[in-house]
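Asker: I would like the atomic coordinates for the input below:
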Amino acid sequence: MALKRAFTDKEAYGLTQRHREIGEKYLRKHKTAGAIPESESMKLYELFMIGSTFQELDQQFDQHELGQIILTAALKGWCADRDKMMYTLKDRVRSKVVKSVIDQVDFLTTMLQCTNAQHMQAMRKYILDPENNIPPTITPKNIKEYKDISETLYKIVQGATPGAKGKVSPMFDALSPSPQQKQRVKEALDEEEEEFDPQAFLAENSDVVE
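Answerer: Here you go, the predicted model:
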C-alpha cells in the first residue's frame, strides 16, 4: 500500500497553496501519525473555529509545529467545519433580522391604523360642518407641519405608482402578475382565438349583418 504523500481535495479544502505545501511536507516526513492527538488538539480546534489563524495557533502553542497544526486541520476537516458554522450563524442572524423588520413594520402599521381610527371620524365631522365641530388635534398647526405632511404624502404616492423611464414601483412590482401567470393568460387568449370561427359567427348573426 502506497504511503500517503499529499492531501486529497477534501482534506485541502480551505487551505491556501502555501499552507497546503507546508502541511504536505510535514505529512511526507511524519505520515498521518504525526497529527496532534484528539485530546491535545481540541483547544486548537476551538480557537480555529472562532477565527484564529494557523500562524496564531503556531505562536500560541509552540510545542506544535506549523505543519503539524495544518496536517491535523486537514485530516480532521477543520476548515469545512468552520465554514459550516459560519453559514449557520449567518442564517440565524438573517432570520432574526427579517423577523425584527417584520415585527417593526407590523407595529408601525398597527399604530397608524389606530391613529387613523382615532382621528378620521373627527376630521370628517369637521370637514362637513366646521362651525359646529372643533378642529381635530392631529391637523397641522403651521406651514412646516403642513409641508412635512405634503412631502410624506408625495413619497407614499411616488412609491405606489409607476415611475418614469420604465421604472416600476415596489408596490406595483409586488402586485404585477408573475411570468408564469402572464404565460397562462397568453395561452388562454391564444386558445380563444383558435376556437373562434368567423363563418359560424356570421351564420349565427346573419340578421345583424344584413
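Asker: Mind checking which residue lies nearest the centre of this protein?
Answerer: residue 94 (7.1 Å; Cα atoms, centre = their mean).
Asker: okay, it: pLDDT?
Answerer: Per-residue pLDDT puts residue 94 at 83.
Asker: What distance do you get for it to residue 101?
Answerer: Distance of residue 94 to residue 101, computed by Cβ to Cβ, to the nearest Å: 11 Å. The C-beta positions use only the backbone N, C-alpha and C, and glycine is treated the same way.
Asker: how about the helices in this structure?
Answerer: Along the chain, counting by DSSP state H, helices occupy 17-30, 38-49, 54-60, 66-76, 78-128, 143-159, 170-175, 179-195, 198-204, 206-209.
Asker: Deepest-packed of these, please.
Answerer: Mean neighbour count (mean count of other Cβ atoms under 10 Å) peaks for helix 66-76 among the helices of the chain, with a mean of 23.
Asker: what packs against that helix?
Answerer: Packing contacts for helix 66-76, counted by 3 or more Cβ pairs under 8 Å, 6 or more residues apart in numbering; DSSP states H and E, involve helix 17-30, helix 38-49, helix 54-60.
Asker: ok now do residue 44, which residues does it touch?
Answerer: By Cβ atoms under 8 Å, 6 or more residues apart in numbering, the contact list for residue 44 reads 36, 57, 61, 64, 69, 72.
Asker: which one of these is nearest residue 139?
Answerer: Among the contacts of residue 44, residue 57 lies closest to residue 139 (Cβ to Cβ), at 67.2 Å.
Asker: residues contacting that closest one?
Answerer: Taking Cβ under 8 Å, 6+ apart, one finds 44, 47, 48, 64, 69 in contact with residue 57.
Asker: Out of the helices of the chain, the one nearest residue 11 is which?
Answerer: Using Cβ to Cβ, the helices of the chain put helix 66-76 closest to residue 11, at 4.3 Å.
Asker: Understood, closing this out.
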